[in-house]
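Peer 1: Coordinates only, no sequence provided:
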Ligand SMILES: C[S@@+](CC[C@H](N)C(=O)[O-])C[C@H]1O[C@@H](n2cnc3c(N)ncnc32)[C@H](O)[C@@H]1O
């Protein structure tokens, strides 16, 4: 792993947007009481473990354009990005209606005009939104190989796929080997960062070619029949 992101690189985003990010945390705590959106939901855990974690990806995002957060749950990372990068249009996608309703409410209460919430399985939404986004990302959704199948259809050629990953990243990538080209993707690169003394990373692919015929597949097929096996 050669690349890394230091806390200093994201500190300015956090400093400039602290009021908005703190407001999001307090709305998320309230929303958690109505619909379980995240795990532990005290202010410190949300700030340190979720907000800062999501902010670490900010330097990887495109200068402008639109990005999609697949499996956004309570709006992570998409709402953090929408707050810190108001010039980006951010689509927050999740298949669970009660989560989407809460995220929509939070975005409305915060007056975020650059956010769209979509309640759908990613495979269904991808069919109608092929190659519409400059970047697609996901945090805590599924293993890298399966995730790449979810994200790749959304991304324009030369766009980016970003996956938040922990210590299992190398193992998940090894399961796919060097077959990424099949999905129209570059070989992945790993970008490391440190949070709470834990080593984490982003897996980043570039979209370099077309999707194979038959993709995106029906909901559920990606997990049942991994494309790389
Ligand atoms: C563990 S949660 C993570 C939520 C958030 N990204 C975070 O970091 O807190 C995973 C979310 O992905 C959603 N999800 C998983 N597969 C999906 C799919 N194929 N299409 C849409 N949403 C999906 C689930 O509904 C769930 O809300």
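Peer 2: That came through fine. Bear in mind the structure is a predicted one, so any value in this text is a computation, not a measurement. Residues are numbered from 1 along each chain as shown.
Peer 1: Distance from the longest strand along the chain to the middle of the chain?
Peer 2: Criterion DSSP state E: the longest strand present in the chain is strand 155-165. In terms of CA atoms, centre = their mean, to the nearest Å, the centre of strand 155-165 is found 9 Å from the chain centre.
Peer 1: Show me where this structure has its helices.
Peer 2: 7-16, 18-34, 43-45, 52-55, 78-84, 97-109, 122-128, 144-151, 169-174, 221-224 (DSSP state H).
Peer 1: Skipping adjacent residues, who's closest to residue 141 in space?
Peer 2: Leaving aside its chain neighbours, residue 141 sits nearest to residue 71 (3.8 Å; criterion: CB to CB, 6 or more residues apart in numbering). Every C-beta, even on glycine, is put in place using the N, C-alpha and C of the backbone.
Peer 1: I'd like the average pLDDT over stretch 164-173.
Peer 2: On average, the pLDDT along stretch 164-173 is 95.
Peer 1: what residues does this structure put near the ligand?
Peer 2: The chain comes close to the ligand at residues 38, 71-74, 76, 93-96, 99, 121-122, 139-141, 150, as judged by CB under 6 Å from any ligand atom.
Peer 1: Could you list which of those belong to strands?
Peer 2: 93-94, 139.
Peer 1: would you list those in CSV and tack on distance to residue 178 and neighbour count?
Peer 2: Compiled in CSV, those are given as follows (distance: CB to CB, whole Å; neighbours: other CB atoms under 10 Å):
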residue, distance to residue 178, neighbour count
93, 29, 26
94, 32, 26
139, 25, 22
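Peer 1: and residue 180, what is it in contact with?
Peer 2: 148, 186-188, 205 (CB atoms under 8 Å, 6 or more residues apart in numbering).
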